[in-house]
Each structure stands twice: as C-alpha cells, then as structure tokens.
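A.B. asks: Sequence unavailable; structure follows:
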C-alpha cells in the first residue's frame, strides 16, 4: 500500500489521520488522558561486562569505525540530540558516512533539527535517509512540506519522544550522542568543554534504550567524567574528534528582551493578568521561555515577586542570565532546566546544585507515574495559530508549511494555567482563526490568550474568569479578538494543500492528533 | 518436588548447586565472564500520567494504606534497602502490616538485613515470610543456617542484586523506599533530614523496575526534593511517618582506626606491598572500606600520596571523614560513594559535587556495557576464609553458619589488583584452609593475601611477583602461610553440615556459584 492509499480515520479531535504510516499501525488520538497504554516498557538486549574492555576504554578510531562496529545497515534508526542547536557538527557527518558506505533508507530520529542540517536534503533525495522523525525547522520543513521526503515525517514533543522510545514505538538502532565532555568509558556531560551546552537530557532515552550507543566528544577527560549526565554503562563506543560543536552557534552569548512595543505590551498584560487572578503567589512556579516576549514576562514576574517579598519555588527553564540572577538573588529556590540558552545558564548549572539538569523523563514523559509539567503553576507558551475553541498550532504556518517543531510545548499544556501571549496578527495575517491548520494542542488545555488588544479566557476556566472580574481585569471573548483582527487584516485565506500526508503530529501519549499535508506548489 | 529432593549439579567451580530453587530454574556458575545472557532487560508495565494526581501529591494516610493500594497479597516480593543499616524502622513495619492482614508466603528482597530485623524471625516461622533473598546477618543468618526458613535463601552481591532486578530474575511487586527526605511526588534523597544516610543508590533498581513503589519519609519537603536521587516519576505512593530511621544506628558518628597491633601490621604491610609493586601511582584509584584495617590502609595510602606529591583520581568508598579530608585537601579528585559511614561523609556528599553518589548500576551491574569496578586499581577486601587456590568466602564462618552478606565484595573482585588483608587466624581458627566452606569469589580474581606473618601473591599474577622481587619485597606462598597457621592452631575441624541446602550464593552474572547447607545442631 503506497502512502497515497493509506486510509484516514477521524480521531477524537475530528481530525483525519492515517491508520498506518511508514508500515506501522497508528492509534488515533482519543482525547486528553483517554488512551491508557497496556504494554510494557521497551526491553533492550542484556549486555555483559565480559564483552566490554575491563579498563573502561571504549574509544575507537573515529565515528566511521564506531558506526561500522555498531553494525550500521539499511533501514536502521539513527538518533541524535539537539543540545548543540544550530552548532551541531556531528549529525551531518553520520549521514555523510552512511552515504559513503552506500547505506539506504535510514530513519533519522533527532530530538530536533536545525538550519545547519539543510545539507541532509541531498540524502533525503538520494534515499540515504528515508525520513526524519523529529522537528524539521526551516529548509528541511519546506522540503518535507513540498513532498520531498520518501517516508512520512513524525513530529513528537520532547516528552513524546521519550515516551516513544520508552514504549518501544521507536526502536533506536544506533544513538550518537555528541558530548561537550566525556571519558573513554562513555560518561558524558554538557557543562564542561568548549562546546558546553549545559546538559544532555534530550539524549537520555537514547542512551537508556538504544541498541548501540556512541559518545562523541572533543574534550575527553580521565575517568570519571563528573557529572555523568549520560552514564557510560549504557555506552558501546567512544570517539574523540577535534571539534564536536560550534560554540558560537550552540550559545548566542546574549539573550535579548523584546524591543517591540506590541510584544512588551503583551508581556505586561500577561503579568498583570497573572497578578490580578492571583495565580502568581508566594511559592508559585512557572515555565520561562527564552524568546523575547517570554523573557520580558519573566522580568515582570520577578518584579511582582520582589515587590511582594515572595519567592518562586521553581522556574522551569530554558535558562539564561535572568532566571540565573533570580536564583542567585534567592528569589527562586530552584531552576529545573531542560536546556540552557546562554553562558550564564551553563555556568550556573555547573556551579549551583539548585540549578538542576532535567530530562524529558523527569519533566515530560506522559507514560510514567506523573511528571512535573503538571505541577507548574503558570506555563507561558507560543503558537502560530489559535482557533476559537482555543485549539493551537505550533508547527505549521498559515500557508501550510511545516516550519517548526513541537519542543516541550504539548507537555507544558498540562501546567495548571496555560497562557499563550500572542500578537493578534503577524505580517497582516490574523493568528486567531476558525480552525487551526494543524492541531497540536487541544483547546481544553489552553486557558488564556493574551494579545496586544485584550485577553480572552477559556470558558472552561470559570475560576479564572471569576477572579479576573473580581479584580476588575477586563476580558474579551476569543471571538471578539478574532473579529478585531479580521477587521484590520481581513479574513485570512486558507492554505492550499493536497491530500497527501507528509507528516503526522503525535500527542503526548503516542496517538496521532493530526496530519500535515503537502503544500500545493505552483 | 520438595527442597530436599532438588537435584544438585556440579558447576564450573566444582561446587554442587541446585538446578532449581524456590520453583525457579537456575543456571550453574560457568566461570568468570563465561555466561553471556541472551535475554532482554525486564520490562515493567507502562503507566500513564492520566492515572496519577496532576498536582503531584501521591501521599496516602499511612504505610498500611499504601501497601493495600499497592495490592499486597500472598506470594508477593517486597523489597527494601539498607541505607539505614541497623537504624531501619520501616522493614519490620511492612511485615507487621502484612501479618495483620493475614498475608502469607512473601519473599523479602532487602539489599541487606541487619540485627534490627531479628523480629522478623517470627514471620519466617508463621509463614508470613517464605524466605529472605539478601544478606542475613547475625540472628537471621543463624535462624536460616539451622533450617528455619521455609524457602531457600538467595545471596547476591550489590551488583548482582541490580542485575537480578534488571534481568527480571527477581520481579519486585512492591518496593518500599525509606527516605531521609522526599516530596509528595516521590522524589527522594538521603543527604537531608534527621535520618540522613547519604544516598539511596541501593534502592535505584527497585524504583526503576518494581511494579509498585512506595516512598516513606519523615521529612516531606515541597516539590522539588533536590537532589532527586530517586525519581518520583517511578513512585506510586508517598507516606509521611514520624520517624523513618534511628539516626544513631544509621550513622555511628565516629569511625575508628584499628588499635590491634596485628591489624595495624597487616595494614602497613598492605601499603608497603602496594608501594613496592608500584600499583600505587599518581592518578591511581582504590576501594576504601570503613572497617578498622581498611581505614588504616587508607591512611597509609594517603601518606604515600602526600610524600610523593601525587593525587588519587578517585576513591571508591564507603566514605567517612578520612577520604572526605583527602577530597577537601585535594589529594583525591573524586569520591565515588556507594554508602556513607559517618556524618562527615554525608556532609561532604551534600556539599561537594566531587563527592558523587553512585548506585549498583554505575558501579557494579555486570549485565551492562561495563561498570567502574573493573577500573579500580586497588581493591582492598575482607574474607572469612581463603583457600590455597585463592578462592575466598565472605558469608559463612568456619562452623558453617551463614552470618554475613556479600555486599559489593564480589563486584570489587574485578578491580585491577585485589588484595585481601586478613589475619592468619581468628579465635585460634586458621583463615587459610584447603577449601573454603562457601565459595563466594573464584581464586583467579584474587591477587594478594596479606597477613601479619607475610604476603602471598597469586601465581597467576607473575607481574606482581616480579615487581615485588625487584623491589626486594619478600613474599611467601599461600601454602607457607597456611602451614604457619596450622603450626600454631592445629588443623581446623570441618564444619558439621547436613545435605539440605538452606541458601545459594549467586555470582555477579546470576549463576549459582555455591550452596550453603544446614548446620547440624545438637
């Protein structure tokens, strides 16, 4: 059965999704918390110390030798992580080697891909890579959107990626973990070395569950490499390279607050709403992003804390110099960090035991006995589109192009109050529409929309509406906001899409919440 | 088939071991590194966050409610850890509750048992507990040795315990993790609280693989409990109690160097041997125990390091104030700690990122891709008996009584040089004999025997013999040492044992290396 013939079914969100992709049966989305898995965790093969060097030295000559020793062959699943962001130098090398060896039909399973991975398009074209399962930002997303990828892409949240590996939904044959620092045994961390990126949490599932694990570093230290964020006990081979990542592209060095008056206004309104409804309180917790608007919101939150002589219990970060300063000033007890965005974040994680490196297991994995995403009081997130039912999209633009990954976005929707501070329109295209192009997050989990022209609260959150009223904080309905945008910009055009499904969006539980279709090209 | 009828087979060490125990087939020991497992890791059932409280509060009224909610029933396997040593207050409560509920035939799977667990004998007698799989020190060992236990005991090393759980050889139904500090979600650590014991590594496997996990603490802190040595994501229920452990019995407060002239002599000789053979060198590593002789050896090692202006790369501990001082003085880079033995050890682990909490996974698990036990340059260990083939016993006395656990002893045998500093005799009974009562460690892994009357090197270690000769360090043969002891004490009597197997000793790979027999009572 070719991809074009795959049967689509309507899922619980009313979206048409394939029953099967890439030859594997899929479970359509059933609603939030409705699908309860009955299986068991994936069980990797047992190893024996008898088959590993007693002196702990697992170093082989180069990445090619490590891949060959790992048994690289057609159809395998190769995973990488994205802690090096646009400074990753290893993923492209893996597929250069695969191409050189004549390997075909690989599944690339990155925790995210970046513009630096654009050179891989040639391997998607020549069949070295069958498909990418992971975010496809920029050029890769455009290529996939236009139907260039042989297989169907699968997008998962960070938590969903851990869940998929843990559940055996994705079985990784070879995990390549680029590490800022490692020892010859394979213990590795992200806090030391010239390519320091902070932590390696996105590679945790890969290390635990992959059949073969390769650690690559340019900073090989004598055993033990401490902290051992990745345990060498899971690692098969280690490789020393000259440069593992481009420091300037890993870390920007600066983190900038937005200068846009509209965005500043949105940030201020967000903070005012949170204060008025008392969801900021002594001991509260919040998710802080590293984007311009998020940073500004964090600064408003900090100001509220200082003014009231309150402390936050923890900040869920994406860390940078602002939460670090709060930690050092004692305004917050802990930073629970998933990725560091500047050098201050890395320094703090290295030096401060209360700046904690987390992983998608501790933070986001939905198929565990709880995770901390649902304990966060305020989650501030973005969206490319929101619809009148509060459903949101983070992966496609209004023209239908798949240009972003999900990140931790779906996982953070489980926060106690989820706020999307968004502009009413971008490039004169309204952001609030009738029906999102791609459904990434169900409206029932999205509580508040903050725009430069007003705030709308999900009618399900009667408590918040009540509190806002009591505090004299004026609300609008989401329909009002939509109408205002349309008055200015007109009613937006629908994207021109073909029937062909080029990717699917997984929900946090591994079910398929929506399909992404091929964009009609002229 | 009753236990008495179980067929015994001769294993690769020439020991007769049962083919089946407690209704489960066994693999006889096949030699060091010879048995390579072909299975997969045990796969616990998947969970869903949908079934756990969104606010992370898993606290139930008391331990009884937690056990009932966990489905406690006949024949289950209940695990506990021994970081509280003789100050454990929880294990006995579990079985009091089980008894009260009329539950029978439980398997208790502690990481070790202590004299404080003597009250459990009544439950071994009345059938509440079928058997203990874990060390049985003192009264419990005596009870088992005299045939009191219904099931057959199984003794494993710390690494073997992790391996057994990971491999699914032991499937834990309910793990009860007593924790000095925890949060309501189940994150837990050992470094804070009045019952601080340092770490919780012995409970790691239990948390990862048990069907149900209960965390019990007397120090419940708001989320997040940091460090989270145990991840709440694995935990089902949390329980707050008034006192979780008796601090005075957890930690002695003092750690004493031996005052015995013979033991001091043994310690000195050990250090002299290590220096003469150059197995101590700049950047070396060693296993340090907390017994009197071990402590003294550590102090000699420290003196050698200081005199040469050398540093140790790491100490594998059992930590106490001596290695902590070395760490703080910069004489060692890291302490890789498995359990802390005094308050200084706990303080250091809490304060110093280079004092690392390890687990049997990182240190000892033989069914992984290596572990660090084999990277330790010098492992100094004890023994109750050693035979002329360098085989050693750590669990039974020469009268056949099973009175000790294996601990990390078998795992540390993989160190580069393994030294047993032992007295030539104890209570006028020679320690070096023809054939050890119980085989715990194969002679090929034991390199050096140091006694107050001389040092014998295993003939397999030609390199060490050569180096000792070159340095003018006089050696004896093990036969010479044995003869000297017999000249003083006479030839020791053999223990009087029945045929009945009351326990078996597992090797690090899960195979059965020896059987322990019932002691003939008058």
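C.D. replies: Great, that's in hand. On a predicted model such as this, the values are computed, not experimentally measured, just so you know.

A.B. asks: Now do the phi/psi pair for residue A:295.
C.D. replies: When quoted as degrees, to the nearest 10, the phi and psi of residue A:295 stand at phi -60, psi -40.

A.B. asks: ditto for residue A:457
C.D. replies: phi -110, psi 140.

A.B. asks: quick one: contacts for it?
C.D. replies: By CB atoms under 8 Å, 6 or more residues apart in numbering or on different chains, the contact set of residue A:457 is A:447, A:448, A:464, A:465, A:468, A:475. For glycine as for every other residue, the C-beta is placed from the backbone atoms N, C-alpha and C.

A.B. asks: Could you find the closest non-adjacent residue to residue A:288?
C.D. replies: residue A:298 (4.7 Å; CB to CB, 6 or more residues apart in numbering or on different chains).

A.B. asks: and the one you found, helix, strand or coil?
C.D. replies: Secondary structure for residue A:298, judged by DSSP: H, G, I helix; E, B strand; the rest coil, is helix.

A.B. asks: For the closest residue to chain B within the stretch 201-350 of chain A, report the pLDDT, please.
C.D. replies: Closest residue of the stretch 201-350 of chain A to chain B, CB to the nearest CB: residue A:233 (4.4 Å). pLDDT for residue A:233: 98.

A.B. asks: residues near it, how many?
C.D. replies: Other residues within reach of residue A:233, judged by other CB atoms under 10 Å in any protein chain shown, total 25.

A.B. asks: Next up, the contacts around it.
C.D. replies: A:186, B:361, B:362, B:365, B:368, B:369, B:370, B:371.

A.B. asks: Can you tell me which of those end up in strands?
C.D. replies: Per DSSP state E, strands hold no members of these.

A.B. asks: Dump those into CSV; add neighbour count and distance to residue B:222 as well.
C.D. replies: Listed next are those as CSV, based on neighbours: other CB atoms under 10 Å in any protein chain shown; distance: CB to CB, whole Å:
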residue, neighbour count, distance to residue B:222
A:186, 31, 36
B:361, 21, 29
B:362, 24, 29
B:365, 30, 33
B:368, 24, 35
B:369, 22, 38
B:370, 28, 39
B:371, 28, 35
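
A.B. asks: Could you single out the nearest of those to residue B:164?
C.D. replies: residue B:365 (10.0 Å; CB to CB).

A.B. asks: Give me the subset of the contacts of residue A:233 that lies in helices.
C.D. replies: Using DSSP state H, the members of those that fall in helices are B:361, B:362.

A.B. asks: Could you export the contacts of residue A:233 as a markdown table, including distance to residue A:457 and pLDDT?
C.D. replies: As requested, the contacts of residue A:233 are exported to a markdown table (distance: CB to CB, whole Å; pLDDT from 0 to 100):
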| residue | distance to residue A:457 | pLDDT |
| --- | --- | --- |
| A:186 | 49 | 98 |
| B:361 | 47 | 98 |
| B:362 | 48 | 98 |
| B:365 | 51 | 98 |
| B:368 | 51 | 98 |
| B:369 | 52 | 98 |
| B:370 | 55 | 98 |
| B:371 | 54 | 98 |
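
A.B. asks: Which of the contacts of residue A:233 sits closest to residue A:305?
C.D. replies: Closest to residue A:305, out of all of those and judged by CB to CB, is residue B:362, at 38.4 Å.

A.B. asks: how near is that closest one to residue B:105?
C.D. replies: The gap separating residue B:362 from residue B:105 is 34 Å, by CB to CB, to the nearest Å.

A.B. asks: Can you tell me which of the contacts of residue A:457 has the most neighbours?
C.D. replies: residue A:448 (26 neighbours).

A.B. asks: That one contacts residue A:464, correct?
C.D. replies: Yes: if you go by CB atoms under 8 Å, residue A:448 and residue A:464 touch, sitting 6.9 Å apart.

A.B. asks: Common neighbours of the two, please.
C.D. replies: With CB under 8 Å, 6+ apart, residue A:448 and residue A:464 have common neighbours A:417, A:457.

A.B. asks: Around chain B, which positions in the stretch 401-522 of chain A sit nearby?
C.D. replies: A:414, A:416, A:509 (CB under 8 Å from any CB of the partner chain).

A.B. asks: Compare these and tell me which is most surrounded.
C.D. replies: Neighbour max across those (other CB under 10 Å) = residue A:509, 26 neighbours.

A.B. asks: That one touches residue A:368, doesn't it?
C.D. replies: No: assessed by CB under 8 Å, residue A:509 is found out of contact with residue A:368, at 11.5 Å.

A.B. asks: Would you mind listing what in the stretch 1-150 of chain A touches chain B?
C.D. replies: Residues of the stretch 1-150 of chain A lying near chain B (CB under 8 Å from any CB): A:33-56, A:58.

A.B. asks: Now, the contacts of residue A:457 that are in strands?
C.D. replies: Per DSSP E, the contacts of residue A:457 map to strands at residue A:448.

A.B. asks: Contacts for stretch A:268-280, please.
C.D. replies: Contacts for stretch A:268-280 (CB under 8 Å, 6+ apart): A:286, A:296-297, A:300-301, A:303-305, A:310, A:377-378, A:380, A:416-417, A:419, A:421, A:448, A:450, A:452, A:455, A:464, A:467-468, A:471-473.

A.B. asks: Repeat the analysis, applying 6 Å as the threshold.
C.D. replies: Under the criterion CB atoms under 6 Å, 6 or more residues apart in numbering or on different chains, residues A:297, A:300, A:304, A:378, A:417, A:419, A:421, A:450, A:455, A:464, A:467-468, A:471, A:473 lie in contact with stretch A:268-280.

A.B. asks: what comes up buried for that stretch?
C.D. replies: A:268, A:269, A:270, A:271, A:272, A:273, A:274, A:275, A:276, A:277, A:279, A:280 (16 or more other CB atoms under 10 Å in any protein chain shown).

A.B. asks: Then stretch A:230-247?
C.D. replies: So, applying 16+ other CB under 10 Å, buried residues of stretch A:230-247: A:230-241, A:244-247.

A.B. asks: Mind pulling the model confidence for residue A:280?
C.D. replies: So residue A:280 comes in at 98 (pLDDT).
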